[in-house]
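Novice: Got a predicted structure plus its sequence, pasted below:
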Amino acid sequence: MSFIFSTHPLHSAAEAMLKAAGELRVASAPDGETLLREGHGAGIVIVRAPIPPAFFHDAPVLRAAIRHGAGLDMVPMDAATRAGVLVANVPAVNASTVAEHVFLVTLALLRRFRVMDRELRQGGWATGRSQSDEAGDLGGRTIGIVGMGNVGQAIFRIAKFGFNLEVVATSRLAEGVPDGARFLPLDDLVATADILVLCCPLTPETTGLLNDRRIGRMKRDSILVNVSRGPVIDDAALIEALREGRIRGAALDVFTTQPLPLGHPYFSFDNVIITPHIAGLTQESMMRMGTGAASEVVRVLKGELPVNLRNPEAVEHYRRRFPA
């Protein structure tokens, strides 16, 4: 008898939906070896951690891999498709949550919140207040958005209609940039933006997108925010720029190596805000992502295709494996 397998615990509402649909098992750890061992024999896997390609080998009852969220880089799409396994995700449900995070960390950097809070607690009132000498307003600045998917669109709306910022943006297609934002090629955008936000998907084309040359084009007073994926940034180039004071600061939620080791150079900078890949995680967004993923599981178990199917080329093979 197959079961529903999740790489991580889920929101209680999602777990209730899944337990009503079948047996739910949650991995004891999210590493590849554990997932392969404990997930063997699963009928559906809910993905919140990278899935090894071997997960799809010798998996005769595996119907679908459902991403808990939007990004598909945790799913080896080619391996899933070759195996006739459906892949689906839950797009857009945490876009506003990620966008809110972008402005939280941007304002914290501009107002020197980390340093001010530390100095106030350790040195007293006057010492904390002195940090305002180098603080800056958000108003009047230009935000540059790289990637105009659901997250980029949510950032645009808050920037334009909440803070009245000038918005420049780049996307694979110029027509993907909404009215009220100005399309710029990436090299021009990084040189123009006061706040540079990376929210593009991780693809072979975006890996290393923010390299040494492009970081060198950024304004000395600019801020970098990465809510995309770690490999979009050349870490060595960014660390060098931070050490040399060539940008104002950075807020990083995602990293090439996760968890980020505590001895990593990023931890040594007062003007770097590090968060543990939680830009899109709140109680509310976890419920939306969890119940969205659970709804797709229920559809598949009923013999239906997922609403947000991401590999339609696998359907023919899937139907041979699981005739309707």
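Specialist: Looks like it came in fine. Note that this is a predicted model, so its numbers are computed, not measured. Numbering: from 1, shown residues only.
Novice: Contacts only, for Arg217.
Specialist: Counting by Cβ atoms under 8 Å, 6 or more residues apart in numbering, Arg217 makes contact with Asp187, Val190, Ala191. Placement of C-beta: from N, CA and C, glycine included.
Novice: Hmm, Glu23 and Gly41 touching each other?
Specialist: No - Gly41 lies out of contact with Glu23 (Cβ atoms under 8 Å); the separation is 10.7 Å.
Novice: where do the contact lists of the two overlap?
Specialist: A shared contact of Gly41 and Glu23, defined by Cβ under 8 Å, 6+ apart, is any residue touching both; here these are Phe3.
Novice: State the distance from Val232 to Gly71.
Specialist: Computed with Cβ to Cβ, to the nearest Å, the distance linking Val232 and Gly71 is 12 Å.
Novice: of the two, who's got more company?
Specialist: Val232 (23 against 18; other Cβ atoms under 10 Å).
Novice: what about that one, distance to Asn211?
Specialist: Val232 sits 10 Å away from Asn211 when distances are taken as Cβ to Cβ.
Novice: repeat for Phe113
Specialist: Phe113 sits at a distance of 29 Å from Asn211 (criterion: Cβ to Cβ).
Novice: Spell out which helix or strand contains the residue located most distally from the centre of the chain, please.
Specialist: Distance from the centre of the chain peaks at Ala126, with 38.4 Å (Cα atoms, centre = their mean). When secondary structure is defined using DSSP states H and E, the element that contains Ala126 is helix 125-129.
Novice: now for that helix, which elements pack on it?
Specialist: helix 113-123 (3 or more Cβ pairs under 8 Å, 6 or more residues apart in numbering; DSSP states H and E).
Novice: Toward the C-terminus, what is the element adjacent to the host helix or strand of Phe156?
Specialist: Assigned by DSSP H and E, Phe156 belongs to helix 150-157. The helix or strand immediately downstream of helix 150-157 is strand 166-170, counting by DSSP H and E.
Novice: How about residues contacting the helix or strand that comes right after that following strand?
Specialist: On the C-terminal side of strand 166-170, the closest following helix or strand by DSSP H and E is strand 182-183. When contacts are defined by Cβ under 8 Å, 6+ apart, strand 182-183 is touched by residues Glu166, Val167, Val168, Ala169, Thr170, Ser171, Ala174, Val177.
Novice: Note down every partner strand of strand 182-183 and its orientation.
Specialist: Partners of strand 182-183 in the sheet, by DSSP bridges, are strand 166-170 (parallel).
Novice: Other residues contacting the strand it pairs with?
Specialist: Applying Cβ under 8 Å, 6+ apart, the contact partners of strand 166-170 are 141-148, 152, 156, 159-160, 177, 180-186, 189, 192-193.
Novice: Of those, keep whichever come out buried.
Specialist: With neighbours counted using 16 or more other Cβ atoms under 10 Å, the contacts of strand 166-170 contain these buried positions: 141-148, 152, 156, 159-160, 177, 181, 183-184, 186, 189, 192-193.
Novice: how near is Ile273 to Leu138?
Specialist: Ile273 is 15 Å from Leu138, where distance means Cβ to Cβ.
Novice: thinking again about what came up before, just the CA atoms of the helix holding Phe156, as CSV, please.
Specialist: Taking C-alpha atoms only, helix 150-157 is exported to CSV below (Å, rounded to 0.1, in the frame of the first residue of the first chain):
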residue,chain,number,x,y,z
ASN,A,150,4.4,36.5,-9.0
VAL,A,151,6.9,37.7,-6.5
GLY,A,152,8.3,40.4,-8.7
GLN,A,153,4.7,41.6,-9.4
ALA,A,154,4.0,41.8,-5.7
ILE,A,155,7.2,43.7,-5.0
PHE,A,156,6.3,46.1,-7.8
ARG,A,157,2.8,46.8,-6.4
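Novice: Which secondary structure elements does that helix sit against?
Specialist: Under the contact definition 3+ Cβ pairs under 8 Å, 6+ apart, helix 150-157 sits against helix 95-110, strand 142-146, strand 166-170.
Novice: Go through the ones you listed and name the closest to Phe267.
Specialist: helix 95-110 (15.6 Å; Cβ to Cβ).
Novice: Give me the contact list for the closest one.
Specialist: Applying Cβ under 8 Å, 6+ apart, the contact partners of helix 95-110 are 70, 113-114, 135-138, 149-151, 153-155, 157-159, 162-163, 195, 197, 199, 223, 225, 227, 248-251, 253, 271, 273, 275, 278-282, 284-285.
Novice: Could you turn the buried ones of those into a PyMOL selection?
Specialist: Buried residues within the contacts of helix 95-110, as defined by 16+ other Cβ under 10 Å, are selected in PyMOL through the command that follows:
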select buried, resi 70+113+114+136+138+149+150+151+153+154+155+157+158+159+163+195+197+199+223+225+227+248+249+250+251+253+271+273+275+279+280+281+285
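Novice: just the buried members of the contacts of Arg217?
Specialist: If you count burial by 16+ other Cβ under 10 Å, the buried members of the contacts of Arg217 come out as Val190, Ala191.
Novice: I'd like the contacts of Arg217 as TSV, with secondary structure and pLDDT appended.
Specialist: Supplementary listing: the contacts of Arg217 in TSV, determined by DSSP: H, G, I helix; E, B strand; the rest coil; pLDDT from 0 to 100:
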residue	secondary structure	pLDDT
Asp187	helix	98
Val190	helix	98
Ala191	helix	98
